[in-house]
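# Let's see this in three dimensions:
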Amino acid sequence: MKGSSIAVVTGGSAGIGRAVLERFVRAGARGVNLARRPSGLPGVVDLSVDLADPAWENDLPPRLLPLLDGAEPICLVHNAAVLREDTATNLTAAALRSVLELNVVAPAALNRLLDARLVPGSSIVYIGSTLSEIGVPGKASYVTSKHAILGLMRATCQDLAGRGVTTVAVCPGFTDTEMLRAHLGHDAARLDVVRERSTFGRLIDPEEIADVVAFCARTPVLHGAVIHANLGQKAS
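Numbering: from 1, shown residues only. This is a model prediction of the structure:
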């Protein structure tokens, strides 16, 4: 992405989101990070926002939309997500709504906000997960939300027909991020177990996922595709 192009990334302060911003800025695009914490990256405008709080729909547009004036194409990357421990039988309605608000509702609302500015050549990339197509115990709300992301991407694909806008879902496997390490309690033994789930015996670097996202954003033939980027993650 060159010239006046811009990458708008949710949750771009760390992990995959930060790597995506770095990748696009390195390629000549401007970057906008929508997150609670700043990224501090050169070439990136940090807009402080809590996408889990519906109030952002009133607060963010006056700050974001002027930054997009004259930007074409735009790449919108839905990366921000929350992972919680819960099951299908102990999950409360309030807890599920909270997860869906950030993981699913915010992407849909951002699509609506940016719709008129998505000129031909623009793209919407959803960051899914290996858990977008399988289930595991103890992650009911996350699994549900990541399955929903594939549905939203596929609906986006059909609703953007004829617009020249590409949409793809990139589904990473175990990636070396703050979220994964915190989820594992920074336990070295548990981290080793996770590494062995990959046929390469290692975690994925966030930069590897960023490369996949950048490729998808500029490759219209992938429109509507689900790309599993998981180092050949083992079934069990």
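# Pull up the gap between the nearest residue to residue 204 once chain neighbours are set aside and residue 77, please.
Take residue 204 and drop its neighbours on the chain: the residue closest to it by CB to CB, 6 or more residues apart in numbering is residue 175, 4.3 Å away. Glycine gets a C-beta too; all of them are placed from N, C-alpha and C. Remark: distance between residue 175 and residue 77 (CB to CB, to the nearest Å) = 15 Å.
# For the residue nearest to residue 204, give me its contacts.
With contact set as CB atoms under 8 Å, 6 or more residues apart in numbering, residue 175 has these partners: 15-16, 203-206, 209.
# Now, of these, which are buried?
15-16, 203-204, 206, 209 (16 or more other CB atoms under 10 Å).
# Closest one to residue 116 out of these, please.
residue 16 (27.5 Å; CB to CB).
# What distance do you get for the residue nearest to residue 204 to residue 119?
31 Å.
# can you pull the contacts of the closest residue to residue 173 other than its chain neighbours?
Excluding the flanking residues, the one nearest residue 173 by CB to CB, 6+ apart is residue 230, at 2.7 Å. Shown in contact with residue 230 (CB under 8 Å, 6+ apart): 130, 171-174, 198, 204.
# What pLDDT does the model give residue 230?
Residue 230 carries a pLDDT value of 93.
# re earlier: what's the farthest-apart pair in the contacts of residue 230?
Maximum distance among the contacts of residue 230 (CB to CB): 14.2 Å, for 171 and 198.
# ranges for the helices of this protein?
15-26, 56-59, 61-64, 93-100, 106-114, 140-159, 178-183, 188-195, 206-217 (DSSP state H).
# could I get the ones you listed as CSV with distance to residue 223?
As requested, those are exported to CSV (distance: least, CB to CB, whole Å):
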stretch, distance to residue 223
helix 15-26, 19
helix 56-59, 27
helix 61-64, 25
helix 93-100, 25
helix 106-114, 15
helix 140-159, 6
helix 178-183, 28
helix 188-195, 32
helix 206-217, 9
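# what's the least confident stretch among those helices?
With a mean of 80, helix 178-183 has the lowest mean pLDDT of the helices of the chain.
# And that one, what's buried?
Quick answer for helix 178-183 (16+ other CB under 10 Å): 180-181, 183.
# What residues of stretch 215-232 count as buried?
So for stretch 215-232, counting by 16+ other CB under 10 Å, buried means 216-217, 222-231.
# Using CSV, list the CA coordinates for it.
Extracted in CSV, the C-alpha atoms of stretch 215-232 (Å, rounded to 0.1, in the frame of the first residue of the first chain):
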residue,chain,number,x,y,z
PHE,A,215,-0.8,-10.1,1.2
CYS,A,216,-4.5,-10.7,1.6
ALA,A,217,-5.2,-7.0,1.6
ARG,A,218,-3.7,-6.6,-1.9
THR,A,219,-5.0,-9.9,-3.4
PRO,A,220,-8.6,-9.6,-4.6
VAL,A,221,-8.7,-13.3,-5.7
LEU,A,222,-8.8,-14.2,-2.0
HIS,A,223,-12.1,-12.2,-1.5
GLY,A,224,-14.3,-14.3,0.8
ALA,A,225,-11.5,-16.7,1.8
VAL,A,226,-10.6,-18.1,5.2
ILE,A,227,-6.8,-18.3,5.5
HIS,A,228,-5.5,-20.6,8.3
ALA,A,229,-2.0,-19.4,9.3
ASN,A,230,-1.1,-21.9,12.0
LEU,A,231,2.1,-23.7,11.1
GLY,A,232,0.2,-26.9,10.5
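# Could you check how far that stretch is from the centre of its chain?
13 Å (CA atoms, centre = their mean, to the nearest Å).
# ditto for stretch 110-122
16 Å.
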